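1. Give me a 3D structure for the following:
(2 chains, ligands or ions: 2)
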Amino acid sequence: MTPSYSGFLGRLDWDALPITGLIQNPNANEIVANAAAAIVLVGVVVVVSLLSWFRLWTPLWRDWLTSVDHKKIGIMYVVFAIVMLARGVLEGVVMRAQQAAGPGDGFLEAEHFAELFSTHGTIMIFFVAVPFVFGIANFVVPLMIGARDVAFPRLNQISLGLTVSSGMMLMVSLVVGRFSTGGWTAYPPYTGAAFNPGVGPDYWIWAIVVSGVGTTLTGINFAVTIYKMRAPGMTFMRLPMYCWTIICSSILIVFAMPPLGVAALLLAADRYLDFHFFTNDLGGNMMNYANLFWLFGHPEVYLLVLPAYGIYSEVFATFSAKRLYGYNSLVIATMSIAVLSFTVWLHHFFTMGQSALINAVFGIATMLIAIPTGVKVYDWMATLWRGRIRFSVPMLYGLAFLMLFVIGGLSGVILANPTVDYQVHNTLFLVAHFHNVLLPGVLFGLLAAYNYWFPKAFGFRLNEVWGRVSVALWTIGFLLTFMPLYFVGLMGMPRRSFSYDDPSFHPFMMVAIVGALVITCALFSVLIQLWVSIRDREKTRVPVGDPWDGRTLEWSIPSPPPPYNFAIIPTVTDRDDFAAAKDKGAAYPTPDAYEDIELPRNTGIGFVLCVLSGIWMFALVWWIWWLAALMTVLMILAVIVWTFDDSTELTIPAEEVRKDHEAWLARVHGEKAVDRDFETSPENRGLARPDLEAVT
Amino acid sequence: MKRAPTHSYPGINLGERHASAHKATEVVTFGFWVFLMSDLVYFGLMFAIYITMIDAQAGGPGPHELFDLKSIFAQTLILLTSSLTVGLAMLALKYNLPRARIVLWFGVTLLLGISFLVLEVRDFMAMAEQGGIPQRSGFLSAFFGLVPLHGLHVAAGCLWLIVLGIQLRMKGMTDVIISRVVRLALFWHFLDLIWIGIITIVYFGGLTYG
Ligand code: HEM
Ligand SMILES: [Cu+2]
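-> Numbering: from 1, shown residues only, chains lettered A, B, ... in the order given. Ligands and ions are numbered 1, 2, ... in the order given. Model (predicted):
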């Protein structure tokens, strides 16, 4: 496909629309492509009509799109991640269906299958996992450290805008043109202009570059937030474990995103300006790309999984009603993993020609990560040991994680052995391994966090029954989908293949498609849970704010929290400060005096940059140079104009704070404390009767 | 927040100011340092790429044909002097000298920055005349990936100087403006640091190993 070129619309023409392909050549492959495009368009129409029907445009703009409140930004991130998750899962199912169709060609074309695994991988990593992780962090971290907001609230909004606009590019690529076929790693020279002249790799490049800028800014923001914004008395050794993992993950971002940016931009220079960084001819060297990409790629998986570890640490402590066991060793383990993750990137290309000695060194470095990870697993088990355990939904996710993640970790140690890797690299064994750590590790952790902090965010609990159903479905679905892949992988079935001819793979593929359908049900169960919970919200309200007998500061304030989080910034004296306060009977103190609170005022800059950068990416992908230049200028101007705005603070008078806070305190004192055994009953209004036997 | 004004932030301390402004400046400046660290990684990787590609000349022109050390020497002098003038602006800030003094040093820095860019572009054009264009070889791609990236940073710094100069005139020395001046100075020194890397690795390294 070599598109025509016109000055005004670049290489954009009618052939870019999937419907053209359907008309010219109606077959199953085109029908799938058009259905996907139709879903996007219908989705847009439905959302726009609903917003108009319920007259929600003004509140949407005023309360959400221009908000700089970290809690709202966090919620928007999570909504975005869940929408993208739905698309990612569906793509996974289509791929599994293609292989379940049996030996032979199935119903998709090779090219279409390649687009599917490329978008699937890109979406899952960059537009599900990252925004979900930092959505939760956005909501939770300032509350946990006793701060009023993140260090740079407006920058936070810009990060969200850039992430969303790049995610939208993947949606646009379904409708206009096609996405890359180069996998989420986009190795040149395959993605270079000589082999791949279409728009696909360009969609990938710009989505990665722009979302990468957004993520880097987020990393800077959270590193500084945790470093500088902690409440008085909260020393580093009193920092909740989750915040430790977020600060490590932020540091990983600060150092690991540049390699990705360099890799993507140099690839762009090759494609757009005919440079020779990674081409086959004139001195280009694709191994530089492999090194750059994985110098990012490996730390990336840890920047996703460390926060999940942090979530599990909080969940295990709370639902065992015990202090986290081995806090110091957990901190050291987290830091060691963060550092080690930068020393192992080469295990992603053991077979690409470096010496055996180098492979051995990187193999051993990789295996070393199992040590701190093992420390963590034992610490979690010791936290559960003799705790008063409640099998609530987040805890169930945690237990599923503990068992399944160990399998995934062990298969990773196996892969770290170069001799083994020579046999199974690029087979479905690898696919089984990374899904084994990404689903029970990252995704289950995020779902646990969603269930755990939901009542804090919205003031009511999620439905328990549907929560349990979804834990079961995710776990069973995961096992059925990915365990068979270990076996076919060992039998030699290559990854990323749209067809195969060995009939002995087929039974495994049949099991895997059943699993993928169970996962689809799991996804639906999450949505049903949300719907049922909203419907029944009157019965599950927790206005007092502490439904789980929580241990850290975020549980000491109302649910949902006021815009300023804390009426009075707390002074911290203990690691589990709120648990200690409850123990001493000193929770919910009445302050002596209130002060005016300054909050950042709403701004539209994030939204403006979201729109401008979206158009900019589209223009670059389609070579509409005048538009790209115009957008560049407008983006720079927008930022400059924005820096002239002085009226950035908003003051909430002390009197108003006092009124709100006193009303809430009155409610706290009027409420009856509920024993942990009745945690899931409507009696639980968010005032926990602490589990005193098990405080220590 | 009632806390003793003992905050200090990495960079120049501005003497007596009230605590909340100090605190705000401290957070923002620290954040900017973290950003610079990230940017440093970016440059570090471009240096690494350049080193791996020094020999990838594919029969095209190499460092010996293309590099003009006299011009590089002039650029170095200009850039180092501009770091001095930014430093003088910071001193004017610290000792509460009249605003015009800061604007003056800003102006001189801007002129130096622009002359640096002019010389750099002239070098690139001379290289192009000898066939030294980025499309020619991996080595030249790496060169043009790194050196103009620094130039782009200098250009961004110049734009920043202009905008901040205007804001300084319009609004005077508010806390926000002072904090921006502090960051601009950091940024400018950072550019100098990268330039030192460029002369040692790109130019001297290129001439030695290329
Ligand atoms: C939820 C159900 C999921 C299903 C059914 C699924 C299925 C698949 C399939 C069939 C492939 C292609 C395998 C191949 O190359 O032969 C794949 C690749 C991949 N998946 Fe998933 N997946 C799921 C969830 C996830 C999640 C949660 C993540 C990450 C957070 C993820 C990340 C990836 C990545 C990075 C690739 C590699 C893409 C590439 O080859 O470039 N997947 N998945
Ligand atoms: Cu790795």
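2. which residue is nearest the centroid of chain A?
-> Nearest to the mean C-alpha position of chain A, by CA atoms, centre = their mean, lies A:Ala129 at 2.3 Å.
3. gap between it and B:Val103?
-> Taking CB to CB, to the nearest Å as the measure, A:Ala129 and B:Val103 are separated by 48 Å. Backbone N, C-alpha and C define where each C-beta goes, glycine included.
4. Check B:Ile133 too.
-> With the distance defined as CB to CB, B:Ile133 ends up 40 Å from B:Val103.
5. What is the three-state secondary structure of A:Glu598?
-> Following DSSP: H, G, I helix; E, B strand; the rest coil, A:Glu598 is assigned to strand.
6. which residue sits closest to it, ignoring its sequence neighbours?
-> If the residues on either side of it in the chain are set aside, A:Glu598 comes closest to A:Glu649, at 4.9 Å by CB to CB, 6 or more residues apart in numbering or on different chains.
7. Now do the same for residue 172: its pLDDT.
-> All of this refers to chain A. With respect to pLDDT, A:Val172 has a value of 93.
8. Chain B is the one I meant
-> On the pLDDT scale, B:Gly172 is placed at 84.
9. Need the nearest residue in space to the residue in the stretch 551-696 of chain A that ligand 1 sits nearest to, chain neighbours excluded.
-> With CB to the nearest ligand atom as the measure, A:Val621 is the residue of the stretch 551-696 of chain A nearest to ligand 1, at 19.7 Å. Spatially, and ignoring its direct neighbours in sequence, A:Val621 is nearest to A:Asp202 (4.5 Å; CB to CB, 6+ apart).
10. Quick check: the gap between that neighbour and A:Val172.
-> 12 Å.
11. okay, the two: which has more neighbours?
-> A:Asp202 (26 against 18; other CB atoms under 10 Å in any protein chain shown).
12. residues in contact with the more buried one?
-> By CB atoms under 8 Å, 6 or more residues apart in numbering or on different chains, the residues touching A:Asp202 are A:268, A:271, A:620-621.
13. In which helix or strand does it reside?
-> helix A:200-228 (DSSP states H and E).
14. for that helix, what is the average pLDDT?
-> Computed over helix A:200-228, the average pLDDT equals 97.
15. Near B:Leu84, how many other residues are there?
-> B:Leu84: 14 neighbours (other CB under 10 Å).
16. before we move on, back to that, quick check: the residue of the stretch 551-696 of chain A closest to ligand 1 vs A:Ser180, distance?
-> Separation of A:Val621 from A:Ser180 (CB to CB) stands at 11 Å.
17. where do the contact lists of the two overlap?
-> A:Tyr203.
18. Identify the residue nearest A:Arg271 in space, chain neighbours excluded?
-> Spatial nearest neighbour of A:Arg271, excluding adjacent residues (CB to CB, 6+ apart): A:Ala193 at 4.6 Å.
19. Next, the residue in the stretch 251-400 of chain A that chain B sits nearest to: secondary structure please.
-> Among the residues of the stretch 251-400 of chain A, A:Gly283 lies nearest to chain B; the distance is 2.9 Å by CB to the nearest CB. Classification of A:Gly283 by three-state DSSP places it in coil.
20. How many neighbouring residues does it have?
-> Around A:Gly283 there are 21 other residues, counting by other CB under 10 Å.
21. The helix or strand just after the helix holding A:Asp202: which residues count as buried?
-> On the C-terminal side of helix A:200-228, the nearest following helix or strand under DSSP H and E is helix A:241-273. Residues A:241-271 are the ones in helix A:241-273 that count as buried (16 or more other CB atoms under 10 Å in any protein chain shown).
22. With stretch A:106-115 instead?
-> Across stretch A:106-115, burial judged by 16+ other CB under 10 Å covers A:106, A:108-109, A:112-115.
23. remind me which residues of the chain are low pLDDT?
-> All of this is about chain A. A:1-5, A:692-696 (pLDDT under 70).
24. my question was about chain B
-> Within chain B, the stretches with pLDDT under 70 are B:1-22.
25. which residues of it fall in helices?
-> B:19-53, B:63-66, B:69-94, B:99-129, B:138-171, B:175-197, B:206-209 (DSSP state H).
26. After the helix or strand hosting A:Val465, which helix or strand is next?
-> Per DSSP H and E: A:Val465 is located in helix A:464-490. Counting by DSSP H and E, the element after helix A:464-490 in chain order, helix or strand, is helix A:506-535.
27. Buried residues, the helix or strand just after that following helix. List them.
-> Counting by DSSP H and E, the next helix or strand C-terminal to helix A:506-535 is helix A:577-583. Buried residues in helix A:577-583, counted by 16+ other CB under 10 Å: A:577-583.
28. what's the distance between the residue nearest to A:Val621 and A:Val641?
-> Per CB to CB, A:Asp202 is found 30 Å from A:Val641.
29. got a list of what residue 122 touches?
-> Here I'm looking at chain A. A:170, A:179-180, A:184, A:204, A:207-208.
30. Wait, chain B was what I had in mind.
-> B:Arg122 makes contact with B:Ser71 under the criterion CB under 8 Å, 6+ apart.
31. With the one 10 residues further on instead?
-> By CB under 8 Å, 6+ apart, the residues touching B:Gly132 are B:60-61, B:65-66, B:140.
32. PyMOL command for the buried members of those?
-> Buried members of the contacts of B:Gly132, defined by 16+ other CB under 10 Å, are picked up in PyMOL with:
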select buried, chain B and resi 60+61+66+140
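33. Please identify which of the contacts of B:Gly132 is nearest to ligand 1.
-> B:Leu140 (31.7 Å).
34. what residues are up against the nearest residue to the closest one once chain neighbours are set aside?
-> Leaving out its chain neighbours, the residue that sits closest to B:Leu140 by CB to CB, 6+ apart is B:Pro134, at 5.1 Å. For B:Pro134, the contacting residues are A:269, A:273, A:275-276, B:140-141, B:143-145, by CB under 8 Å, 6+ apart.
35. if we can go back for a sec, tell me the angle the helix holding A:Asp202 makes with helix A:241-273.
-> Per axes from the mean of the first three to the mean of the last three CA atoms, to 10 degrees, the angle that helix A:200-228 makes with helix A:241-273 is 150 degrees.
36. And B:Asn96, how close does it get to ligand 1?
-> Applying CB to the nearest ligand atom, to the nearest Å, the value for B:Asn96 to ligand 1 is 55 Å.
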